[in-house]
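Trainee: need a 3D model of the sequence below.
(chains A and B)
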Amino acid sequence: VATLVRVLGDFAVAEEIVQETLLVALQRWPADGIPNNPGAWLTTAARRKAIDVIRRDQRYREKLSLLDQGPLRYGPVEVDDRLRLIFTCCHPALSREAQVALTLRAVAGFTTSEIASAFLVSESTVAQRIVRARRKIVEARIPYRVPEGREATARLTEVLAVLYLMFNEGYLSSGGEAPARRDLAEDAAWLAGLVASLMPREPETLGLWALMRLHLARADARFDAAGNLVLLQDQNRGLWDRTEIAAAVQLVERAGAMRRPGPYQLQAAIAACHAEAPAWEATDWAQVVGLYDALLALTPSPVVQLNRAVALRFRSGPEAALPEVEKLAEALSGYHLFHSTRAELLAATGRADEAAEARRRALELTSNPAERALIESRLMVDA
Amino acid sequence: MLMFCATEQGAEEWAKLPEEVLSDSYAKIGAWFGQNSDKLVITHQLQPPSTATTVRFKDGQAVVSDGPFMEAKEVIGGFAVFDVADLDAALELARTWPAQGTVEVRPVVER
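Mentor: Okay, here's the model as predicted:
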């Protein structure tokens, strides 16, 4: 508690945070035994909670930087404990929903109700998921450790997938009224940063962290004053956080120097191309297309092909991109961005009627209010 | 405990395999058990589900009937109990199982 009191200067708040964290610890430790250094991960979880409290309280704003100094202030033993906790929460023997809920609860210090509102499910559903997952950890004897040897890569991939899902859910929700839930995205990025600083020799971890930071650096420009979604090409680039972008680009370069490319690094490199371009028209489209080709070679997916086609349009024109998009008609018939991309290309090649038809199809398929408003505004331009 | 399962179809195809393929598969399985004999507690291959007889308890009465206890697409072909530290160690074993199908991993209740 002392550490937190020093930083927070408010014993009541600090104690409340620690109590909540301790509750998690008490529920957890009987399963695995007490960690080598219980102080470390208690502090991590408590610190995370404290950041949350501070966020809601302007008076403590200047102290946020003090508290959020990154995890390497602790010794190697303590570092181990937090990694162990993350790898246990993200064990493949748990369902993806349980992995996400447990990680947010035990590592990021979310309450059950915060997780529930972040994922638009009921609090009892989240509580049940966590209880069931804890029971499985105990009864199936899921070990509390960082995997080594040939398992290590697959398990790290699992952890990164959990964090990426968390981020995406926060960055652009799949339904409901809140167009974006920045907090969840920021917490996912914080967790990715934690893993990246604990495993600095893993380029994909750095890639994922960079990818998240590049997206967050542009977050202020993604919505206009009325809360409408603004497409990348129309965003006010003056609102982008250049310092963050520069830091993320450095991460991409550091990861690239390790010569073990992977999907997160490539996606981060694509995001970096956009982030570094002074204007949409000035984007290095040839490089973007090349990076998409590399990404497709690693993880073939129709959605990636769709994104590549968008880049191809600006490198080689809409006539070149449209046939690439048409090829995906079957695979992506239920995906709203397929129809809106197709609509843009049809409009650009003078096929207005077909474009309007494709836009209506896109509208039918999206539940996100911000995206709906955007498509509706385009329909009106056509009319 | 590792339970070795196969789909009914898979089990039928297995039974129809030519003798030399079958004996080669059994040799691989035998070698696998040999490698892991230090941890092995007990193992048995089971006769096919067509040999199963089920005892159901209804209102305190034991009712005996023909057939497996449930009509499942997957059938258990055998099982092995290993003494290992945790789930990861058990999964490590399951991953190296040399035959086809599915391996379900569960801890046994210790008393």
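
Trainee: and chain B, which residues reach chain A?
Mentor: Residues of chain B found near chain A (CB under 8 Å from any CB of the partner chain) are B:85-88, B:90-92, B:105-107. C-betas here are computed from N, CA, C, even on glycine.

Trainee: tell me which residues in the lowest-mean-pLDDT helix or strand in chain B are buried?
Mentor: Sorted by mean pLDDT, DSSP states H and E, the helices and strands of chain B end with helix B:8-16, the least confident at a mean of 79. Buried residues in helix B:8-16, counted by 16 or more other CB atoms under 10 Å in any protein chain shown: B:10-11, B:14.

Trainee: can you tell me the residue of chain B closest to chain A?
Mentor: B:Asp86 (3.9 Å; CB to the nearest CB).

Trainee: so that residue touches A:Glu139, yeah?
Mentor: No - using CB atoms under 8 Å, B:Asp86 is not in contact with A:Glu139; the gap is 11.7 Å.

Trainee: could you list which of the residues of chain B next to chain A belong to strands?
Mentor: Members of these lying in strands (criterion: DSSP state E): B:Val105.

Trainee: enumerate the residues of the stretch 51-200 of chain A near chain B.
Mentor: A:91, A:93, A:139-143, A:145, A:147, A:151.

Trainee: next SSE downstream of the longest helix along chain B?
Mentor: Using DSSP state H, we find that the single longest helix of chain B is helix B:19-35. Downstream of helix B:19-35, the next assigned helix or strand under DSSP states H and E is strand B:40-45.

Trainee: what mean pLDDT does that following strand have?
Mentor: Strand B:40-45 carries an average pLDDT of 92.

Trainee: tell me the gap between the strand or helix carrying A:Glu357 and the middle of its chain.
Mentor: Assigned by DSSP H and E, A:Glu357 belongs to helix A:352-365. Distance of helix A:352-365 from its chain centroid, counting by CA atoms, centre = their mean, to the nearest Å, is 29 Å.

Trainee: elements contacting it?
Mentor: With contacts defined as 3 or more CB pairs under 8 Å, 6 or more residues apart in numbering or on different chains; DSSP states H and E, the packing partners of helix A:352-365 are helix A:336-348, helix A:369-382.

Trainee: and A:Thr205, what does it touch?
Mentor: With contact taken as CB atoms under 8 Å, 6 or more residues apart in numbering or on different chains, A:Thr205 is in contact with A:156, A:160, A:192, A:195-196, A:199, A:264.

Trainee: if we use 6 Å, what do you get?
Mentor: For A:Thr205, the contact set (CB atoms under 6 Å, 6 or more residues apart in numbering or on different chains) comprises A:195-196, A:199.

Trainee: from A:Pro203, how far out is the residue in the stretch 251-383 of chain A positioned nearest to chain B?
Mentor: Closest contact between the stretch 251-383 of chain A and chain B, by CB to the nearest CB, is at A:Gly262 (22.4 Å). Using CB to CB, to the nearest Å, A:Gly262 is found at 7 Å from A:Pro203.

Trainee: I figured A:Met212 hits A:Ala189, correct?
Mentor: Yes - assessed by CB atoms under 6 Å, A:Met212 is found in contact with A:Ala189 at 4.0 Å.

Trainee: ok, the two, which is more surrounded?
Mentor: A:Met212 (29 against 23; other CB atoms under 10 Å in any protein chain shown).

Trainee: and the more buried one, which helix or strand is it part of?
Mentor: helix A:203-217.

Trainee: next SSE downstream of that helix?
Mentor: helix A:242-256.

Trainee: about what we covered before: okay, now the spatially closest residue to the residue of the stretch 251-383 of chain A closest to chain B that is not a sequence neighbour: neighbour count?
Mentor: Distances taken as CB to CB, 6 or more residues apart in numbering or on different chains put A:Glu204 closest to A:Gly262, at 4.2 Å, once the chain neighbours are dropped. A:Glu204 sits with 22 neighbouring residues when counted by other CB under 10 Å.

Trainee: next, name the residue at the spatial heart of chain B.
Mentor: For chain B, the residue nearest the mean C-alpha position is B:Gly78 (2.4 Å; CA atoms, centre = their mean).

Trainee: give me phi/psi at the nearest residue to A:Pro302 once chain neighbours are set aside?
Mentor: Closest residue to A:Pro302 apart from its sequence neighbours, by CB to CB, 6+ apart: A:Ala331 at 4.0 Å. Note on A:Ala331: backbone dihedrals following degrees, to the nearest 10 are phi -60, psi -30.
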